[in-house]
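In: Need a 3D model of the sequence below.
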Amino acid sequence: MNSLALIVLGVVALSMNASAQYGGHEGGYEGHDDHKDYYAPPHYAYEYKVHDSHTGDVKSAHETREGDVVKGYYTLAEADGTVREVHYTADHKNGFNAEVKKIGHAHHAPAPAPHSNYKY
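Out: Okay, here's the model as predicted:
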């Protein structure tokens, strides 16, 4: 049992020494003067499309980002038969701006006829 206790104490001592060498839990990094900044501005582009004729789910989107400037659009088939199209931009200077268009003409289902057994 003593040998197990010595092994455990040895592991604890080694981990404490390693923690002190690299700044412990405070996250400091001591011993090196050459700080390198690895920051890179974010850049991405994505796109997706859905066209499910069974459920009527039809939509698409596209977005790009170059640094702090985001540009994109999306389209969505509405239940009334129109298509909503939104083009947007966002940046640090102008904030978020969107232009919304409704394409097509709305088609509404006729209202159901009143039941003949209603008494007014």
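
In: Would you map the helices across the chain?
Out: 2-21 (DSSP state H).

In: Sketch out the low-pLDDT regions of it for me.
Out: Applying pLDDT under 70 to the chain picks out residues 1-33, 35-37, 114-120.

In: how about the strands in it?
Out: 43-52, 57-66, 69-77, 83-91, 95-103 (DSSP state E).

In: could the ones you listed be laid out in TSV, adding distance to Asp34?
Out: Every residue, glycine included, has its C-beta placed from N, CA and C. What follows is the strands of the chain, written out as TSV (distance: least, C-beta to C-beta, whole Å):
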stretch	distance to Asp34
strand 43-52	27
strand 57-66	30
strand 69-77	32
strand 83-91	34
strand 95-103	38
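
In: Indicate which one of those is closest to Pro112.
Out: Judged by C-beta to C-beta, the one of these that comes nearest to Pro112 is strand 69-77, at 24.2 Å.

In: Provide the strand pairings for the closest one, with the direction of each partner.
Out: strand 57-66 (antiparallel), strand 83-91 (antiparallel) (DSSP bridges).

In: Throw the strands of the chain into JSON lines and include mean neighbour count, thanks.
Out: Listed next are the strands of the chain as JSON lines, based on neighbours: other C-beta atoms under 10 Å:
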{"stretch": "strand 43-52", "mean neighbour count": "10"}
{"stretch": "strand 57-66", "mean neighbour count": "14"}
{"stretch": "strand 69-77", "mean neighbour count": "16"}
{"stretch": "strand 83-91", "mean neighbour count": "15"}
{"stretch": "strand 95-103", "mean neighbour count": "10"}
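
In: Looking at those strands, which is nearest to Ala113?
Out: Among these, the nearest to Ala113 by C-beta to C-beta is strand 69-77 (28.5 Å).

In: Run the angle between that closest one and strand 43-52 for me.
Out: Orientation check (axes from the mean of the first three to the mean of the last three C-alpha atoms, to 10 degrees): strand 69-77 against strand 43-52 gives 0 degrees.
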